[in-house]
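K.L.:
the amino acid sequence is not available; the structure is as follows:
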Ligand SMILES: NC(=O)C1=CN([C@@H]2O[C@H](COP(=O)(O)OP(=O)(O)OC[C@H]3O[C@@H](n4cnc5c(N)ncnc54)[C@H](OP(=O)(O)O)[C@@H]3O)[C@@H](O)[C@H]2O)C=CC1
Ligand SMILES: O=C1OC[C@@H](O)[C@H](O)[C@H]1O
């Protein structure tokens, strides 16, 4: 299935499969724009997942959403979904500021939680959530519910392919860029409301931050620079629509993350070659680029460019050559091209059912991603996103 149109069509229109008796019944908190991609579409081809109900702040909005997406039940409130014993898993696609509270409420109700990224508003909330005793097995809670931050791109094989070309000890410089075109965002979006924990670092930036952690296999020591462009109109203050942040990773290695929510329509990011440091002998330098880090379904490619040099006794280069290759990693199952969201759902279900998982976003990763976001916000001067202050009674 090499035709991109066919691939996209099958990704967004997967086959509807028969559901098993032990199906996981999902409830969705909010008629959110992302809910179809994260859950409703991928659930169609998953025999163990059924989207049972939805609630929105406005019932009419939930009813319209349920009709459009074939969800059989509408509840009056988010809490009513949590109170339904037939619902075993919850999708939380609420604004970031609401993640901490509704994840804790859902877990307290004994539900498994698929929590939209970024998991919460800041590092403090991440610690409070992922280190909550409710997630630790104990005699009174032998099988705690599963909590997964929905970093869907982690689950796409293109990321593993990319990482397979990197030898961590040889990394000289890492650069990551992402964007949403200007016409796909509006000032009215939740991205531009500080009290909802908005900002470009919280929207696309977290993908870049997590990618850096995956590449280094470590967390950064410091954010050394963070430049932002943000609104100052009194309404959307402290919300960056663009940023560039530089981090130092162990071994004094540098990495840059940049993103914009007001990007161009056509985009080909420049990947700077920072080269090796002074005094280092360069035998082979490898530049590995993953194009399409976030939405590998639309298009992705892993480029590997190896530059070889042969040096004479005096150290002068006598020969140099370049080898290039590119690879893609699409997976088609039963005629459907699997999106990152479909891979993610597969693993979420595997974890709930106690089966092995190929990929996972550990709670520790989620916590470290938020630490990185906080570092950058502190450095930028905009300040960390506010905490909800919610505590389970
Ligand atoms: N995984 C991915 O690819 C993506 C993930 N996301 C993440 O998903 C989450 C939601 O984003 P997105 O779907 O774009 O957002 P939307 O604005 O489309 O949806 C947000 C939902 O939250 C509900 N909500 C509850 N309280 C509020 C409030 N005070 N203000 C605004 N909305 C409120 C909304 O209302 P109601 O209850 O009335 O329905 C709405 O359904 C975010 O955390 C975002 O980072 C976003 C895009 C892509
Ligand atoms: O989180 C996100 O991931 C994918 C993007 O398309 C989306 O707009 C963004 O908010």
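P.N.:
Yes, it's here. Model, not experiment: these values are computed from the prediction. Numbering: from 1, shown residues only. Ligands and ions are numbered 1, 2, ... in the order given.

K.L.:
helix or strand: which one has residue 319?
P.N.:
Using DSSP states H and E, residue 319 sits in strand 317-327.

K.L.:
run through the strands of the stretch 101-250 of the chain in chain order.
P.N.:
Along the stretch 101-250 of the chain, the segments classed as strands by DSSP state E, counting those that start in this stretch run 112-115, 147-149, 173-181, 222-230, 240-249.

K.L.:
out of the ones you listed, nearest to residue 303?
P.N.:
The closest of these to residue 303 is strand 173-181. By C-beta to C-beta, the value is 13.2 Å. Just so you know, the C-beta spots here come from the backbone N, C-alpha and C atoms, and that holds for glycine as well.

K.L.:
what's the offset of the closest one from the middle of its chain?
P.N.:
Between the centre of strand 173-181 and the centre of its chain there are 14 Å (C-alpha atoms, centre = their mean, to the nearest Å).

K.L.:
show me which residues of that strand are buried.
P.N.:
Judged by neighbour count using 16 or more other C-beta atoms under 10 Å, the buried positions of strand 173-181 are 173, 174, 175, 176, 177, 178, 179, 180.

K.L.:
re earlier: would you list the strands of the stretch 101-250 of the chain in TSV and tack on distance to residue 285 and mean pLDDT?
P.N.:
Output for the strands of the stretch 101-250 of the chain, formatted as TSV (distance: least, C-beta to C-beta, whole Å; pLDDT from 0 to 100):
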stretch	distance to residue 285	mean pLDDT
strand 112-115	39	98
strand 147-149	34	98
strand 173-181	10	92
strand 222-230	23	97
strand 240-249	18	97
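
K.L.:
redo these as TSV? Include distance to residue 377.
P.N.:
Putting these into TSV (distance: least, C-beta to C-beta, whole Å) gives the following:
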stretch	distance to residue 377
strand 112-115	20
strand 147-149	18
strand 173-181	17
strand 222-230	8
strand 240-249	8
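
K.L.:
tell me the pLDDT of residue 279.
P.N.:
The model reports residue 279 with a pLDDT of 50.

K.L.:
kindly apply the preceding question to residue 271 instead.
P.N.:
58.

K.L.:
residue 96 and ligand 2: what is the separation?
P.N.:
10 Å (C-beta to the nearest ligand atom, to the nearest Å).

K.L.:
what's near enough to touch that residue?
P.N.:
Residue 96 makes contact with 116, 118, 120, 121, 190, 196, 197, 198, 202, 385 under the criterion C-beta atoms under 8 Å, 6 or more residues apart in numbering.
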